[in-house]
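S.K.: the following block contains a protein sequence and its predicted model.
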Amino acid sequence: MAKAKKAKNEKTAPGRSEKPITTEVSEAGRDRSVGSQPGSRPAPAHQRVGDVTKSNQTEGQMTVHDATYDLLRRLGLTTIFGNLGSTEQPFLKNFPSDFEYVLGLQEASVVAMADGFSQATNKPVLVNLHSGAGTGNGMCNIMTAYQNKTALIITAGQQTREMILCEPYLTNRDETTLPRPWVKWAYQPVRAQDVPAAIMRAYAIALQPPSGPVYVSIPLDDWDQPADGDAVVRTVSSRYAPDPERISLFAERIRKSKNPALVYGQEIDRSGAWDAGVKFAEQLQAPVFLAPLADRASFPETHPQFRGMLPMAIGPLSKTLRGHDLIIVIGAPVFRYYPYLAGDYLPAGAELLQIVSDPADAGAAAVGDSLLGDTKLALESLIQLVPKNKAQSLPAPSQVDNKLPSPPNDPLTAREAFAALSELRPENAILVNESASNSEDVMRSWPTVQPESYFSFASGGLGWGAPAAVGIALAQKKTGGRRPVVAFIGDGALQYSIQCLYSAAQRKLKVIFIVPWNEEYAILKEFAELENTPNVPGLDLPGLDIVSAAKGFGCAGVLTRTKEEIKEAFGAALSADGPMVIVIPIAHEDRPLVPPISD
Ligand SMILES: Cc1ncc(C[n+]2csc(CCOP(=O)(O)OP(=O)(O)O)c2C)c(N)n1
Ligand SMILES: [Mg+2]
């Protein structure tokens, strides 16, 4: 087969060097691609169709590979997250020493590590996936990145242009359809020479609001083609201001409100508006709720005005907001619901204002009036337009019972276990949360008090949290930050992209995985109650040895049963030079999926 291809390539390929590109051998090191040896350049060949002015690559001429790496360098895209195959090796050949390749062992991990890294550095990030196969594996976390609004420039190798028509092994068929609708743009350049400009366009689209992933499929034989010269580097906006007339109208309605409530969402933290959000809330003297299922914290959760996360269901959410005449939602959809619990969208007599940067979120709101714009710019305007509310006195928050039982339960409840951890909590720790049924306990035991400190996922697709934590820890390491990353990951959730532990171990990253081990999909049992669906199979997870699995990936792992053991392990993890998985057996608890709100 290889021989036949070689003969065919040598005889008929226009614009091809005498060395054929072979891709049927996929093991690393066995691929052979044109000019892959340092310094070797293929000899000039025939002119290519559509490129009548240039002969093929000549000695010393800038290639698409050269021009693209130069562009990536100038855009600061020098950390590349990937998992590679034969279709990506021509891109990765002679990998420059000022770039870093972060290998993930499965594409779900690759994409989420990049997402975490991008969020923690506030910069777009380049991801390189293996054709359609790798894109498929990465798809759940591409969906999550889209909903997280993380700017990822995803490139994927494609089979050799000359063969695509006959669909050889690993062709990315309908390459621009596969990642949709979870990318903002998907493209395969029509000419090799368009690769750098396509990446530039991808970067511009990814970065502009609402930011999100984009996808460029690149045939493997493009890299050695002669470039059209240096790539053009452009800059674009990453935020836009709200319409001044409309924000004045919103301010007027806020001024007239007798009892407003604020609902803060993830865009506040993302746009660097944490301080502006606090200032506006204090000026308005209104209670602040976290938007349901927010993927970033956006207000200090120990602040006297903080009232917790809104329920994730229609009826309970509107009941929680009873008594308010104006609900002001900033930086979130209206609303991110999960189970269907019928009710009014808003309490009687209430109106809603939404300020959000994504027209899709404004369009999808079931109620209320929307204003498009960056949340930081909007909040800064509102601080000017809405005077300090001296009249309003805020009712005290309802008391939450934080007492723990003595003696403790055996096994511990999640709350008891997390309370033990929080005794040693470093002030600067970054929290990642993908612990489905214990999310509220995580947030209650570990309130977020400063910006860029709480990360979760916007989509509900499991398998994002653990690798995102690895990406955030890598960002800390690369930027010289010394903040430890503590990731609460369900025993079920960890399995979806457990191989990220390998990347964390190889790089000795300061990330501590806390795994509440209930040997079940507890939240789905709560759903079964709510939806009245008894006898569903597949809700128990007996027989997982998570400590051994962690060790298998080169990561320290420990099983802890008591508060003392938990604290000892957590203390050791905080001073360790590398990641650790702390598995904590926790009690099964019968809890309602959405706590009832009295009428
Ligand atoms: C990719 C993906 N597959 C399946 C699900 C469905 N799902 C939602 S929650 C859940 C269980 C989570 O279990 P675990 O992480 O152990 O948390 P627990 O509910 O036990 O707290 C599952 C399987 C999902 N959300 N995402
Ligand atoms: Mg579980």
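M.R.: That came in fine, so what should we check first? Ligands and ions are numbered 1, 2, ... in the order given.
S.K.: spell out which residues of the chain are next to ligand 1.
M.R.: Contact residues, the chain versus ligand 1 (C-beta under 6 Å from any ligand atom): 140, 435-438, 460-463, 490-493, 496, 518, 520-524. Every residue, glycine included, has its C-beta placed from N, CA and C.
S.K.: swap in 8 Å and give it another go.
M.R.: When proximity is defined by C-beta under 8 Å from any ligand atom, the chain lies next to ligand 1 at 140, 434-438, 460-463, 489-494, 496, 516, 518, 520-526, 541.
S.K.: so where's the protein uncertain?
M.R.: Counting by pLDDT under 70, the chain contains low-confidence ranges at 1-59, 391-393, 395, 397-400.
S.K.: please go through it and pick out the longest helix.
M.R.: Counting residues, the longest helix found in the chain (DSSP state H) is helix 131-148.
S.K.: who does the next helix-or-strand element following that one pair up with?
M.R.: Later in the chain than helix 131-148, the nearest helix or strand by DSSP states H and E is strand 152-158. Strand 152-158 sits in its sheet next to strand 125-129 (parallel), strand 214-219 (parallel), going by DSSP bridges.
S.K.: how about JSON lines for these, with distance to residue 599 and mean neighbour count added?
M.R.: Formatted as JSON lines, the strands paired with strand 152-158 follow (distance: least, C-beta to C-beta, whole Å; neighbours: other C-beta atoms under 10 Å):
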{"stretch": "strand 125-129", "distance to residue 599": "48", "mean neighbour count": "28"}
{"stretch": "strand 214-219", "distance to residue 599": "48", "mean neighbour count": "26"}
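S.K.: let's have those in CSV, adding distance to residue 594.
M.R.: CSV is the format used below for those (distance: least, C-beta to C-beta, whole Å):
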stretch, distance to residue 594
strand 125-129, 35
strand 214-219, 36
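S.K.: so which of these comes closest to residue 413?
M.R.: strand 125-129 (38.0 Å; C-beta to C-beta).
S.K.: export the closest one as PDB, just CAs?
M.R.: The C-alpha trace of strand 125-129 is given here as PDB (Å, rounded to 0.1, in the frame of the first residue of the first chain):
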ATOM      1  CA  VAL A 125      -5.300  29.900  23.400                       C
ATOM      2  CA  LEU A 126      -4.400  27.600  20.500                       C
ATOM      3  CA  VAL A 127      -5.600  24.000  20.500                       C
ATOM      4  CA  ASN A 128      -4.400  21.400  18.000                       C
ATOM      5  CA  LEU A 129      -6.600  18.300  17.500                       C
END
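S.K.: need the residues that contact it.
M.R.: The contact list for strand 125-129, computed with C-beta atoms under 8 Å, 6 or more residues apart in numbering, reads 72, 77, 79-84, 88, 91-92, 107, 110-111, 114-115, 117-118, 135, 137-138, 151-157.
S.K.: give me the residue from the chain nearest ligand 1.
M.R.: The nearest approach of the chain to ligand 1 comes at residue 490, 2.0 Å away (C-beta to the nearest ligand atom).
S.K.: ok, the nearest residue to that residue once chain neighbours are set aside - contacts?
M.R.: Leaving out its chain neighbours, the residue that sits closest to residue 490 by C-beta to C-beta, 6 or more residues apart in numbering is residue 435, at 4.8 Å. Taking C-beta under 8 Å, 6+ apart as the contact definition, residue 435 lies against 414, 442, 488-490, 493, 514, 516.
S.K.: go again using 6 Å as the cut-off
M.R.: 442, 488, 490, 516 (C-beta atoms under 6 Å, 6 or more residues apart in numbering).
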